[in-house]
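A.B. asks: Sequence and predicted structure below; questions after.
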Amino acid sequence: MPRGLPKAVKKCLEKSNDSALLAVETYNKPAIKFKSGGYIILMIISWTALFHAIFFKQKKKPFYKTNNRFDKRDGDYCYWELSTCLSNYFGNETSNPIRKNLEFFIPLRNMVEHKSIPEIDSDIFAECQSLLLNYDKIMEKEFGVKYCLRESLSFALQLYPSSKSLNNAIVANPSTKPIVDFIKSYRSAISTETLNSGEYSFKAFLIQVANHQTKNTLPIQFVAYDKLDEGQKTNVNRVAALVKNRFVQVAVTNKDLLKPGVVVDKVQTALGDLKITRNGKEKDKFTMDTHTRCWKKYEVRPNNQAANPELTKSEYCVYDQPNSTYLYTEDWADYLIEEMAKEEEYNSLYE
């Protein structure tokens, strides 16, 4: 630990470094199934301690106050939690990618604390990697490169990560659904610029090569994309496109999603194509108007012109941003068929 720093700073840095190293060790142990969960919990502790060290160095006391008196619990001061630390450190930089990465993990940490969710490990790997790289970045900025972890870490020996999607995770373990919904909602709510930033989510192609320029070249080297010149970036993008087209099955946009009219037809058919008389006119029992009343009652999606149109119940509805419209799932159609078969439930839509 650095000499010449106040005792409180040293203690916080020791705790921070130890927690981060334990987090990496936990994640890289093959036999551990609580991989992301353990990593996230320990990294939250590490980041919180790092911010406390920064504030102590700045002669600030990272304690909660009530009526100008520091709060205490069990004889000790009540330290700021990570969310409070972020507000004090980043201030008005609400879209900072490092901050957005940390804000992704705060609620996720609370969700995984009492659950084992190996099903989502591969999907949140990019955010987990940035969480560690950002840690060293802030550590170097505030305390210098010699206090960073990078010299203590090595490239882990790993097999290929799982290619399972978040939807596969729900199928494998239905209890992950609230966590999966949070992940999807959080990612859809942040800007494309932030989402594509390496500080929010680290992505890379690991390409096997036949040889290196010399025998003494390191077997694995990391090159930051934003440090390349335009010609080098063009070559990287060509390789990335080649790998994507050669090995990855291209996803079909909006596969298995339904337009509102299709939902209406499915429900009306399932109800036996029943007719009703309303305002002196005979019409289908389930119409587009009925469908609109349903998504409003069950709060499946926001109203038109909402500030955040993407905040839907993802198991039933998805916002199609390029077309500024909403699409629905088979589960939504099935749910409506079940509910609209109940006469009392149907009638409640028109009360």
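C.D. replies: Yes, it's here. Residues are numbered from 1 along each chain as shown.
A.B. asks: Spell out the residue ranges of the helices in this protein.
C.D. replies: Ranges of helices within the chain are 7-28, 35-57, 82-90, 97-112, 125-143, 166-172, 177-189, 192-195, 230-247, 260-270, 288-297, 330-340, 343-348, based on DSSP state H.
A.B. asks: What ranges in the stretch 201-350 of the chain fall below the confidence cut-off?
C.D. replies: Residue ranges of the stretch 201-350 of the chain with pLDDT under 70: 205-227, 233, 235-255.
A.B. asks: show me what contacts residue 64?
C.D. replies: Neighbouring residues of residue 64 by CB atoms under 8 Å, 6 or more residues apart in numbering: 70, 71, 78, 79, 80, 84. Where you see a C-beta, it was placed from the backbone N, CA and C, and this is true even at glycine.
A.B. asks: what's the burial count for the fifth one?
C.D. replies: Here the neighbour count serves as a burial measure; for residue 80 (other CB atoms under 10 Å) it reads 20.
A.B. asks: how close does it get to residue 43?
C.D. replies: According to CB to CB, to the nearest Å, residue 80 and residue 43 sit 17 Å apart.
A.B. asks: what do you get for the third one?
C.D. replies: Counting by CB to CB, the separation of residue 78 from residue 43 is 22 Å.
A.B. asks: just residue 338 next, same as before
C.D. replies: Remark: distance between residue 338 and residue 43 (CB to CB) = 43 Å.
A.B. asks: Would you mind finding the most buried of the helices of the chain?
C.D. replies: By mean neighbour count, with neighbours taken as mean count of other CB atoms under 10 Å, helix 35-57 ranks first of those at a mean of 23.
A.B. asks: Figure out how far it is from the centre of its chain.
C.D. replies: Computed by CA atoms, centre = their mean, to the nearest Å, the chain-centroid distance of helix 35-57 equals 18 Å.
A.B. asks: CA-only coordinates of that helix, as PDB, when you get a sec.
C.D. replies: Only the C-alpha atoms of helix 35-57 are listed here, as PDB (Å, rounded to 0.1, in the frame of the first residue of the first chain):
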ATOM      1  CA  LYS A  35     -19.600 -17.200 -10.700                       C
ATOM      2  CA  SER A  36     -21.200 -13.900 -11.700                       C
ATOM      3  CA  GLY A  37     -23.000 -13.600  -8.400                       C
ATOM      4  CA  GLY A  38     -19.900 -13.900  -6.300                       C
ATOM      5  CA  TYR A  39     -17.900 -11.700  -8.700                       C
ATOM      6  CA  ILE A  40     -20.500  -8.900  -8.700                       C
ATOM      7  CA  ILE A  41     -20.900  -8.900  -4.900                       C
ATOM      8  CA  LEU A  42     -17.200  -8.700  -4.300                       C
ATOM      9  CA  MET A  43     -16.600  -6.000  -7.000                       C
ATOM     10  CA  ILE A  44     -19.400  -3.800  -5.500                       C
ATOM     11  CA  ILE A  45     -17.500  -4.000  -2.200                       C
ATOM     12  CA  SER A  46     -14.300  -3.300  -4.000                       C
ATOM     13  CA  TRP A  47     -15.600  -0.200  -5.900                       C
ATOM     14  CA  THR A  48     -17.300   1.200  -2.800                       C
ATOM     15  CA  ALA A  49     -14.100   0.900  -0.800                       C
ATOM     16  CA  LEU A  50     -12.200   2.600  -3.600                       C
ATOM     17  CA  PHE A  51     -14.500   5.600  -3.700                       C
ATOM     18  CA  HIS A  52     -14.200   5.800   0.100                       C
ATOM     19  CA  ALA A  53     -10.500   6.000  -0.300                       C
ATOM     20  CA  ILE A  54     -10.800   8.700  -2.900                       C
ATOM     21  CA  PHE A  55     -13.100  10.800  -0.700                       C
ATOM     22  CA  PHE A  56     -10.800  10.400   2.400                       C
ATOM     23  CA  LYS A  57      -7.900  11.500   0.200                       C
END
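A.B. asks: and the angle for that helix with helix 125-143?
C.D. replies: On the basis of axes from the mean of the first three to the mean of the last three CA atoms, to 10 degrees, helix 35-57 is oriented at 20 degrees to helix 125-143.
A.B. asks: Does anything pack onto helix 35-57? Which helices or strands?
C.D. replies: Applying 3 or more CB pairs under 8 Å, 6 or more residues apart in numbering; DSSP states H and E, we find helix 35-57 packed against helix 7-28, helix 82-90, helix 97-112, helix 125-143.
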